[in-house]
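1. Provided below for reference: sequence and predicted model.
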Amino acid sequence: DIYNNLGIIYCNRGMHKKGLMHFAKAEQMYELIKDVQGLKIVNKFNEFMKRTTGATHHRECCGFYIDGGLDKEKVESNFTQTLFYLAQTYGKLNKPDLSAAYCAKTLQRQLDTKSYGIKDWAVNCISLAEYFLSSHNYAQAEYCIMAAMAILPADIKKRKKLRATIAMQLGKYYSQRLSNGIERMQLN
């Protein structure tokens, strides 16, 4: 959490390289603790002190406050945020390939943990597809568009505007792919 916050502070000040260092450190920290067993490994010393002393507030039982540890759910959520921040920062540093890679990782984690809003997730997939189209990576672009379509509700009357946006991107994909195919055929 602290590395993400420091990274945000530096990026908000326009110091993206320094921010990137902190996001990279957050990523390293996650790699070190991701395999810790158990759902919650949390230090709840203050709760113990309240129970043993009969205090109703932590300040009544001790002059300091200790509460911390490792909450696996929060660690996973923070790491998803870290990936998002890395994608944004690489974008600001004009490193589109790294930005796209981290954007894809973020989308995958959001999908795996079911922690996304349909509209935002689909729009982000469409944006990633746009990047892949611009670099002629058609398979990846199509995958992103199909992923955006796959999360839409089954009822076609719902999310009409989002469906239209995805359909427009799909049309753009087919148009560009056909144009590229014609150009290649004319070169041969």
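-> Structure received. Numbering: from 1, shown residues only.

2. in the longest helix seen in the chain, what's buried?
-> If you go by DSSP state H, the chain has its longest helix at helix 160-187. Neighbour counts over helix 160-187 (16 or more other C-beta atoms under 10 Å) mark 162-163, 165-166, 169-170, 172-173 as buried. From N, CA and C alone the C-beta is placed, and that goes for glycine too.

3. chain center to it, what's the gap?
-> 27 Å (C-alpha atoms, centre = their mean, to the nearest Å).

4. go ahead and confirm residue 30 touches residue 82.
-> Yes: using C-beta atoms under 8 Å, residue 30 makes contact with residue 82 at a distance of 6.7 Å.

5. residue 93 touches residue 17, doesn't it?
-> Yes: counting by C-beta under 8 Å, residue 93 touches residue 17, with 7.0 Å between them.

6. more neighbours: which of those two?
-> More neighbours surround residue 93 than the other of residue 93 and residue 17, with 14 against 11 (other C-beta atoms under 10 Å).

7. how much space between the more buried one and residue 100?
-> From residue 93 over to residue 100 the distance is 13 Å, taken as C-beta to C-beta, to the nearest Å.

8. same check, this time on residue 121
-> Going from residue 121 to residue 100 by C-beta to C-beta gives 16 Å.

9. the more surrounded of the two?
-> Shown here are residue 121 and residue 100; by other C-beta under 10 Å, residue 100 has more neighbours (21 against 18).

10. in contact with the more buried one, which residues?
-> 87, 128, 131-132 (C-beta atoms under 8 Å, 6 or more residues apart in numbering).

11. what score does it have for pLDDT?
-> The model reports residue 100 with a pLDDT of 96.

12. what segments of this structure are strands?
-> For the chain, applying DSSP state E gives strands covering 40-43, 68-71.

13. so what's residue 22 closest to, chain neighbours aside?
-> Residue nearest to residue 22 in three dimensions, not counting chain neighbours: residue 7, with 3.7 Å by C-beta to C-beta, 6 or more residues apart in numbering.

14. neighbours of the one you found, how many?
-> Counted with other C-beta under 10 Å, the neighbours of residue 7 add up to 27.

15. who's in contact with stretch 112-131?
-> The contact list for stretch 112-131, computed with C-beta under 8 Å, 6+ apart, reads 76-77, 80, 96, 100, 103-104, 106-107, 110-111, 140-142, 144-145, 147-148, 151-153, 159, 162, 165-166, 169, 173.

16. gap between residue 138 and residue 155?
-> 30 Å.

17. have a look at those two and say which one is more surrounded.
-> Using other C-beta under 10 Å as the criterion, residue 138 and residue 155 rank with residue 138 on top: 17 against 7.

18. contacting residues for that one?
-> Going by C-beta under 8 Å, 6+ apart, residue 138 touches 132, 173, 177, 180.

19. show the pLDDT at residue 62.
-> Predicted confidence (pLDDT) for residue 62: 50.

20. same deal with residue 155?
-> Turning to residue 155, the model gives it a pLDDT of 86.

21. and it, how far is that from residue 163?
-> For residue 155, the distance to residue 163 - C-beta to C-beta - is 11 Å.

22. lovely, talk soon.
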